[in-house]
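Trainee: Fold the following.
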Amino acid sequence: MLTLRKAPTFTTGATIFNFIKTLTTATNFIQGTGGTTTAARGLPNDDYFATIHHISNIVRRDIYLERTLNKMRISNIVNSELVYRVLRSCCSCGIESFRFFNWARTHHPNYDPTTLEFEELLRILAKTRHWETMWKVAQNMKTQNFPISPSVVSFIIEQYAKHGLIDQAVDLFNGLKNFDCPQTTQVYNSLLFALCEVKNFQGAYALIRRMIRKGSVPDKKTYSVLVNAWCSAGKMREAQEFLEEMSKKGYKPPVRGRDLLIDGLLNAGYLESAKGLVRKMSKGGYVPDVSTFNCLAEALSKSGETDFCIDLFNDVCGLGFCPDTDTYKIMITVTSKIGRVDEGFKILHRSIEDGHKPFPSLYAPILKALCRMGQFDDAFSFFADMKVKGHPPNRPVYTMLIRMCVRGGRCVEAGNYLMEMTELNLSPMSQSFDMVCDGLKNCGKHDLAKRMEQLEISLRGI
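Mentor: Numbers count the residues shown, from 1 in each chain. Got it, this is the predicted structure:
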């Protein structure tokens, strides 16, 4: 690994200015405010983003990208925002992104890079395994007194770990003082992940002890990383002992130990063990965490154990479990897929009673299940009810309903919903027009089919 000299302390006026500028730029980019007006960009929004798209294609595909970029004559719009957006768009092209960044700096003296672009470039180079170039960029940042944030360091350590370079990850962690970057909980978690990737559980446990000794407080990810790794290795007993020991020391995880174990077993693929642990919890009167239950419900539905999933949901609700919108969405989808529409209606009405206004992806599975069962009148009535009581249906819901109507021979109703879409400024897909027109012609409704064709022509501007 490249050895870097210790950077000067950040007390100079220039450094403080750079830090403030970085914060301001980052906030503006993320929120889309400040410096993003047409006057600041020099182009209308559509032209500006089209230019970014064109530049990104050049960076990704052009061998002589610098020569091509010079011909574009875009010096008046090259600034921190444009460079950052192009780098984000070219995140899978390491050396090409580095060449573009250097071109922007050398050919545009007015462009003054901020920490945001530097750190994005570091992430790209780490992701594409251009380690030597990444360290050159880090040295450049250090020369200009730009700090490297713990989030970027964490990302680099995890990339080292994913490619089996555990020694480099440890060296980077130990050398953070050279970058004046603190060893935060986030950084500790990344190194913990790296050690668990190579099954070095003894080193991972020693790192947690050091973390506590240095005054850092473990968070949910700290526990999850180690518990997931132990469960993946089939060491559930060690995971339980670790949670008990941490609890005795006064470091209780933000989520209960049982929930962490369930998450770990699910991530490791031990569904039966997770089911058994949940059964023990429910029999003891305990309910799982919402996020834990959602992960378990998704795993159960994917494995086809929908009956167990529904029964478990009813059991935990009887114990005081409070579902969120994701829980309702998962359970309604599960019940609708196996044709238990009555159960889906119960869950939907429960969500409404809890104060959740039904959104399209919540009531669409029930609507589709009713159509599959041939209960079109019930489906139409339910859809009309949801348009009043829930959020307005979106384009995918209308498209699905039109397709199901055509398949069920209800082509006139499909045409009506097609007209309704256009009235709501939801542009139908051309396939929807084709299905409806063919269906109407097959059932002898040629006049209505012709009206649909004329409607499509008027919408497309043909």
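Trainee: what residues are up against the most centrally placed residue in the chain?
Mentor: Residue closest to the average C-alpha location in the chain (CA atoms, centre = their mean): residue 326, at 14.6 Å. Contact analysis of residue 326 by CB atoms under 8 Å, 6 or more residues apart in numbering lists 290, 294. Heads up, the C-betas are built off the backbone N, CA and C, glycines and all.
Trainee: Which helix or strand contains it?
Mentor: Element membership for residue 326, per DSSP states H and E: helix 325-337.
Trainee: For that helix, C-alpha coordinates in CSV please.
Mentor: Provided in CSV are the C-alpha atoms of helix 325-337 (Å, rounded to 0.1, in the frame of the first residue of the first chain):
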residue,chain,number,x,y,z
THR,A,325,-47.2,-0.4,5.1
ASP,A,326,-44.5,-2.8,3.9
THR,A,327,-46.0,-5.6,6.0
TYR,A,328,-49.5,-5.0,4.6
LYS,A,329,-48.2,-4.9,1.1
ILE,A,330,-46.4,-8.2,1.6
MET,A,331,-49.3,-10.0,3.2
ILE,A,332,-51.9,-8.7,0.7
THR,A,333,-49.7,-9.9,-2.1
VAL,A,334,-49.2,-13.3,-0.4
THR,A,335,-52.9,-13.9,0.2
SER,A,336,-54.0,-12.7,-3.3
LYS,A,337,-51.5,-15.0,-5.1
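Trainee: Please point out which parts of it sit buried.
Mentor: Residues 327-336 are the ones in helix 325-337 that count as buried (16 or more other CB atoms under 10 Å).
Trainee: how much space between the residue nearest to the centre of the chain and residue 344?
Mentor: Residue 326 sits 16 Å away from residue 344, taking CB to CB, to the nearest Å as the criterion.
Trainee: ok, the residue nearest to the centre of the chain to residue 219 distance?
Mentor: Using CB to CB, residue 326 is found at 22 Å from residue 219.
Trainee: Also residue 404?
Mentor: Separation of residue 404 from residue 219 (CB to CB) stands at 46 Å.
Trainee: cool, residue 58 as well?
Mentor: Relative to residue 219, residue 58 is positioned 42 Å away (CB to CB).
Trainee: ok, those two, which is more surrounded?
Mentor: Neighbour totals were compared for residue 58 and residue 219, and residue 58 leads with 20 against 14 (other CB atoms under 10 Å).
Trainee: Read off the pLDDT value for residue 4.
Mentor: pLDDT, residue 4: 35.
Trainee: give me the number of residues near residue 392?
Mentor: By the criterion of other CB under 10 Å, residue 392 has 12 neighbours.
Trainee: With residue 362 instead?
Mentor: Other residues lying near residue 362 total 23 when counted by other CB under 10 Å.
Trainee: who's in contact with it?
Mentor: Shown in contact with residue 362 (CB under 8 Å, 6+ apart): 325, 328-329, 332, 348, 351, 356, 390.
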